[in-house]
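Student: Turn this into a structure:
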Amino acid sequence: MTKFTKIASLLIAVAMLLATFGATPTQAAGYVKTVDLTLPATDGVAKGVDVKGTKVTWWHQHTGAREEVVKKLVAQFNDTVGKKYGITVEAVSKASYDDIFKAVSAGISTGELPEIIVAYGNQAAAYQDNKALVDLEAYVMDKSVGIGDDFKTDMFTSFFDSDIRVDRGNQRLGFSTYRSMESLYYNVDALTKLGYKAPPKTWAEFGEMVCKFKDQKLGKDGYQIRTDASFIAGGAFAAGGDIFDLKKDTFTYDTDAAAVLPQAIQDLLKKGCIIKTVDAKARSDQSSFGNGDSLFYTGSSSGITFIADAIKAAAKTDPTKSFTFDIAPIPGYTDKPIQNVYGASNSVVALKKTPAQILSSWLFLRWFSENEAQAAWSKATNYFPVRRSVANELKEVFDAPATGKAFKSAFDLLGSTKEEPAVSVYQDVRTEADKTFKNILDGANVKDELKKLNDLANKKLEEARAKEPKK
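Tutor: Got it, this is the predicted structure:
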C-alpha cells in the first residue's frame, strides 16, 4: 500500500467516524448508573418492587473464551449491583442459538424457563406468539429505572429497532447488548500484489480481482461461497433493496436488488474463479482465507479474532502465509454502503415470573449496556458496543496488532445499517434461503428460484399471521 493510499484511507476513516459518532461521543450527563439507582422506586414500572433475594438465570449461547468473559461480567454485576440490591445472576451456556430456541420452545409448554434468554428478533416473535415475553418498552423509557436521554443521544438506536414488534403494538421484545456485521474480509497484501489500492465496490470489481488472484496462482480457491441467509440479505441491502417490506408486511426476495448478489456469485462460479464452500460445518471458507488460499471471505465481523488466529496458525508452519487482512462493505453499492448488522438481543421472560424477577432481569441488562461492561465485552470479543461513547474506550482494540485494523474498519461502517426481519417465520425462511442459494449454485435460474423462495416465505408468513392472536 502506498503512502498516499494510507493517508487517503485514514482520512476516509476519520470522516466516517465523525459522521457516525460526532466529534466527541459521550454519555448523557444526567444518566444514572444502575448501581446508583434508588430502589425500591416510588413510581413507574418499578414502583414498590423489592428485588432483595431475587435470583436471575440467563441462558446464552457463548462457549469457550467468550463464556469465560460472560462469567467475569456476571461476577462483576453480582459483586456490585447485585450485592447492593440483593440480586444474584447465574449465566448458563446452552451452546448455540438453535439449542436455546429448542429449549425455550419446550419450556413454554412446561413453564420451566429462565428469566433472561438470548434471542434473535424472529425467535422472540415466535415466543411472543405464546405471550412468553415482557414488553421492555416501559422499562427502557421509565423515569426511575429507564435509560433516559442516553437511549437517543448515545446508543445505536438502529440496533434496537429489530426488537420492536410492529404488528404487536410496537412491543419491545428484546434489548440489544451487542451487534456484529456481515462483512467482506480481504487479503490486503494479495490485493496490493495484484495492483489494487482498494477493496471491491462492485461485483464486477470483485470478479475481476478474484479471477486475477487465481490466474496468477496467488491462491487456489479465490473465494469459498457463503450461502447463509444473512449474506443474501446483505447483498440486497448493499444494492439498495431489502428482503422484507415492513410497511406492506411481506417478503421481497423477488426484487432486482435481491438478485444482484446471487447472480454475480453464480456467474463467477461458472467462470471457475470461486468455488462452493467445501465444508460449512468445519468452516472451510474461513480456513481457506486464513491459509491464504482465498482472496476474500464473507462472514460476521465478530469472527475477526478467529481469522487472525487462522492466519497465525498457518504462518507457524509456513511464514510466507502471513498477511494483513481488513474488512470492507459487501459489494454492490453505489454511493454509501448499507451494511447488514445483526445479532441476538436478550429477552426477559414474563411467563410465570414475578415483578421482582422481571425488574431484576432488566437491571442486569441495563447494567450490561453501560460503558464499563460494554468496553470489557467489546475488547474481549470484537462485538460492537451498543453505545457510541464506548468508542472512546476502545483504543487498545483499534490498535491491536493483528485485529485492530479490521475491527476499526468495520466499526466505521456503522453509520448506515439495516437488520433482517424480526418475524417469527424467518427462523424457517433462513433455512429455505440457504437451500435456494445452493440451487442457484447448481445452475438454477436466479430469478425463478428467488420467486419460489418469496412465494414460500410469504405463504409461511400468511399462515403464521392467521394463527396469531387478534390485536
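Student: Next, name the residue at the spatial heart of the protein.
Tutor: Centroid-nearest residue in the chain: residue 342, 2.7 Å away (criterion: Cα atoms, centre = their mean).
Student: you'd agree that residue is up against residue 176?
Tutor: No. Assessed by Cβ atoms under 8 Å, residue 342 is found out of contact with residue 176, at 10.5 Å. Any C-beta I mention is one placed from the backbone N, CA and C, and that applies to glycine too.
Student: if you skip the residues just before and after it, what's nearest to residue 406?
Tutor: Here the nearest residue to residue 406 in space, its sequence neighbours aside, is residue 327; by Cβ to Cβ, 6 or more residues apart in numbering that works out to 4.5 Å.
Student: pretty sure the one you found contacts residue 182?
Tutor: No. Using Cβ under 8 Å, residue 327 makes no contact with residue 182, being 10.4 Å away.
Student: Which secondary structure elements does the helix or strand hosting the residue nearest to residue 406 sit against?
Tutor: Using DSSP states H and E, residue 327 sits in strand 325-328. Other helices and strands packing on strand 325-328, by 3 or more Cβ pairs under 8 Å, 6 or more residues apart in numbering; DSSP states H and E, are strand 180-187, helix 304-317, helix 404-411.
Student: Could you save these as JSON lines and add columns showing mean neighbour count, distance to residue 394 and mean pLDDT?
Tutor: Compiled in JSON lines, the helices and strands packed on strand 325-328 are given as follows (neighbours: other Cβ atoms under 10 Å; distance: least, Cβ to Cβ, whole Å; pLDDT from 0 to 100):
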{"stretch": "strand 180-187", "mean neighbour count": "25", "distance to residue 394": "15", "mean pLDDT": "97"}
{"stretch": "helix 304-317", "mean neighbour count": "17", "distance to residue 394": "13", "mean pLDDT": "94"}
{"stretch": "helix 404-411", "mean neighbour count": "22", "distance to residue 394": "8", "mean pLDDT": "94"}
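Student: Tell me how far residue 185 lies from residue 324.
Tutor: 11 Å (Cβ to Cβ, to the nearest Å).
Student: quick one: contacts for the residue nearest to the centre of the chain?
Tutor: Residue 342 is in contact with 120, 179, 180, 181, 182, 230, 300, 419, 420, counting by Cβ atoms under 8 Å, 6 or more residues apart in numbering.
Student: do the same with residue 104
Tutor: Taking Cβ under 8 Å, 6+ apart as the test, what residue 104 contacts is 59, 113, 117, 119, 123, 127, 132.
Student: Help me confirm that the third one is found in a helix?
Tutor: Which is residue 117. No. Secondary structure of residue 117 (DSSP: H, G, I helix; E, B strand; the rest coil): strand, not part of a helix.
Student: Without its sequence neighbours, what residue ends up closest to it?
Tutor: In space, residue 117 is closest to residue 59, 4.9 Å off (Cβ to Cβ, 6+ apart).
Student: So what's the residue count around the one you found?
Tutor: 22 (other Cβ atoms under 10 Å).
Student: Offset the numbering so it begins at 25, please.
Tutor: Sure, I'll start counting at 25 from here, so that last one is residue 83.
Student: The helix or strand containing it: how far from the chain's middle?
Tutor: Assigned by DSSP H and E, residue 83 falls within strand 78-84. Taking Cα atoms, centre = their mean, to the nearest Å, the mean C-alpha location of strand 78-84 is offset from the chain mean by 23 Å.
Student: Go ahead and name everything in contact with it.
Tutor: Residues from elsewhere that reach strand 78-84 (Cβ under 8 Å, 6+ apart): 91, 94, 98, 110-118, 124, 127-128, 138-142, 370, 380-381, 384-385, 388.
Student: same check, this time on stretch 206-214
Tutor: Residues from elsewhere that reach stretch 206-214, judged by Cβ under 8 Å, 6+ apart: 25, 223-224, 237, 242-243, 254-255, 257-258, 313, 316, 318-325, 331, 347-355, 363-366, 430, 434.
Student: and the nearest residue to residue 347 once chain neighbours are set aside, what helix or strand is that in?
Tutor: Of all residues not flanking residue 347 in the chain, residue 213 sits nearest, at 4.3 Å (Cβ to Cβ, 6+ apart). Assigned by DSSP H and E, residue 213 belongs to helix 212-217.
Student: now that helix, how far from the centre of its chain.
Tutor: 28 Å.
Student: Residue 173 - how many residues pack around it?
Tutor: 12.
Student: distance of it from residue 391?
Tutor: 18 Å.
Student: hmm, back to that, can I get the buried part of the contacts of strand 78-84 as one ChimeraX selection?
Tutor: Here is the ChimeraX command that selects the buried residues among the contacts of strand 78-84 (16 or more other Cβ atoms under 10 Å):
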select :91,94,98,111,113,115,117,118,124,127,128,138,139,140,141,142,370,380,381,384,385,388
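Student: mind listing which of the contacts of strand 78-84 are in helices?
Tutor: Residues of the contacts of strand 78-84 located in helices (DSSP state H): 91, 94, 98, 124, 127, 128, 380, 381, 384, 385, 388.
Student: Throw those into JSON lines and include distance to residue 68 and pLDDT, thanks.
Tutor: Converted to JSON lines, these look like this (distance: Cβ to Cβ, whole Å; pLDDT from 0 to 100):
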{"residue": "91", "distance to residue 68": "34", "pLDDT": "96"}
{"residue": "94", "distance to residue 68": "29", "pLDDT": "97"}
{"residue": "98", "distance to residue 68": "26", "pLDDT": "98"}
{"residue": "124", "distance to residue 68": "30", "pLDDT": "96"}
{"residue": "127", "distance to residue 68": "32", "pLDDT": "96"}
{"residue": "128", "distance to residue 68": "28", "pLDDT": "97"}
{"residue": "380", "distance to residue 68": "15", "pLDDT": "98"}
{"residue": "381", "distance to residue 68": "17", "pLDDT": "98"}
{"residue": "384", "distance to residue 68": "16", "pLDDT": "98"}
{"residue": "385", "distance to residue 68": "16", "pLDDT": "98"}
{"residue": "388", "distance to residue 68": "18", "pLDDT": "98"}
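Student: Can I get stretch 289-309 in PDB? Just the C-alpha atoms.
Tutor: Output of stretch 289-309 as PDB, limited to C-alpha atoms (Å, rounded to 0.1, in the frame of the first residue of the first chain):
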ATOM      1  CA  ILE A 289     -21.900 -15.400  -7.500                       C
ATOM      2  CA  GLN A 290     -23.400 -17.800  -9.900                       C
ATOM      3  CA  ASP A 291     -21.600 -16.200 -12.900                       C
ATOM      4  CA  LEU A 292     -18.300 -16.300 -11.100                       C
ATOM      5  CA  LEU A 293     -18.700 -19.900 -10.100                       C
ATOM      6  CA  LYS A 294     -19.400 -20.800 -13.700                       C
ATOM      7  CA  LYS A 295     -16.200 -19.000 -14.700                       C
ATOM      8  CA  GLY A 296     -14.200 -21.100 -12.200                       C
ATOM      9  CA  CYS A 297     -12.900 -18.100 -10.200                       C
ATOM     10  CA  ILE A 298     -14.600 -19.100  -7.000                       C
ATOM     11  CA  ILE A 299     -15.800 -22.400  -5.500                       C
ATOM     12  CA  LYS A 300     -18.600 -23.800  -3.300                       C
ATOM     13  CA  THR A 301     -17.800 -24.000   0.400                       C
ATOM     14  CA  VAL A 302     -16.000 -27.300   0.800                       C
ATOM     15  CA  ASP A 303     -17.300 -28.000   4.400                       C
ATOM     16  CA  ALA A 304     -19.600 -25.500   6.000                       C
ATOM     17  CA  LYS A 305     -19.600 -27.200   9.400                       C
ATOM     18  CA  ALA A 306     -15.800 -27.200   9.600                       C
ATOM     19  CA  ARG A 307     -15.800 -23.500   8.400                       C
ATOM     20  CA  SER A 308     -13.600 -24.400   5.400                       C
ATOM     21  CA  ASP A 309     -14.200 -20.900   3.900                       C
END
